[in-house]
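Next one to model:
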Amino acid sequence: MSTLRIYDSQGNAYSPDGTATGSDEQIEQLFYGGVRLTIRSDHKQQIRLFFRARETRNARTEQFYAVYSVDSSSSPLQDLIRDLTTRVESEWGYTIDESSNGMAVYREVKRGNLAVPGDSTEQSILSELITSRNPVTVGVSDERNAIGLLNEYFGEYDQAAIADSTGEDVLSAFDLVVTPGGHRGITPLGETEARWESTSRSL
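This next block holds a predicted model:
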């Protein structure tokens, strides 16, 4: 069983006819923190994905988050894209604007063409750091590799995020934060660097 809720960038539940009720205050924090995707893989599997859509061809593009909860699925990201497209384009008559800024993560999720960055040593260090239950922040080359990393370590972390930058307060809630941006392999960032080096020596 799955549920899909859509919120505007201020965290208000959204539907074109105004019948949606409720709010999620963390959505606004995610938006201003440049968070494009979050995955919760503990007992409550949940995905939050940033997307942009417009009501008509000439309308201004609006910004939203899809919040997708699923009990069990072998391909939850693909299920989310399918259900989201049905809701927004088929039922609402909106158009998802894949070309706009900030939609790179959405586009790669839709393509489903993921890559796992790093060599075996980097992957082992990352796994060790995630299981230590200290927040881990790393950089990778692009969005495809960022999504691949979250997919590869699904189940090892409780909550993970892909974000444009690493310094936002909202990111402290996540076990793993991945930033796409031309980094080579898996690159430790910020406070993760020191623990990465010590873990590398111990391994």
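
contacts, neighbours, all on C-alpha from now
Fine.

L189 contacts V140, correct?
No - at 10.2 Å, L189 does not count as touching V140 under the criterion of Cα atoms under 8 Å.

which of these two has more neighbours?
Just comparing L189 and V140: by other Cα atoms under 10 Å the higher neighbour count belongs to V140, 24 against 17.

hey, what's the more buried one bridged with?
V140 forms beta bridges with P180, as assigned by DSSP bridges.

in this structure, what spans have low per-residue confidence?
Applying pLDDT under 70 to the chain flags the ranges 43.

All the strands of it, in order from the start?
Counting by DSSP state E, the chain has strands at residues 2-8, 35-40, 46-54, 62-70, 95-96, 136-140, 159-163, 176-180, 187-188.

want to throw these into a markdown table with distance to E197?
Formatted as a markdown table, the strands of the chain follow (distance: least, Cα to Cα, whole Å):
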| stretch | distance to E197 |
| --- | --- |
| strand 2-8 | 40 |
| strand 35-40 | 27 |
| strand 46-54 | 31 |
| strand 62-70 | 36 |
| strand 95-96 | 42 |
| strand 136-140 | 13 |
| strand 159-163 | 22 |
| strand 176-180 | 17 |
| strand 187-188 | 9 |
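
For stretch 22-37, list every residue counted as buried.
23, 27-31, 33-37 (16 or more other Cα atoms under 10 Å).

Just give the number of residues close to the nearest residue to A13 once chain neighbours are set aside.
Nearest residue to A13, sequence neighbours excluded (Cα to Cα, 6 or more residues apart in numbering): Y7, at 4.3 Å. The number of residues packed near Y7 is 23, by other Cα under 10 Å.

Next up, the contacts around the residue positioned nearest the centre of the chain.
Centroid-nearest residue in the chain, with Cα atoms, centre = their mean: L37, separated by 1.4 Å. When contacts are counted by Cα atoms under 8 Å, 6 or more residues apart in numbering, L37 is found next to 47-50, 105, 161-163.

Just give me the neighbour total for the residue lying closest to R133 once chain neighbours are set aside.
Spatial nearest neighbour of R133, excluding adjacent residues (Cα to Cα, 6+ apart): D175 at 6.8 Å. By the criterion of other Cα under 10 Å, D175 has 22 neighbours.
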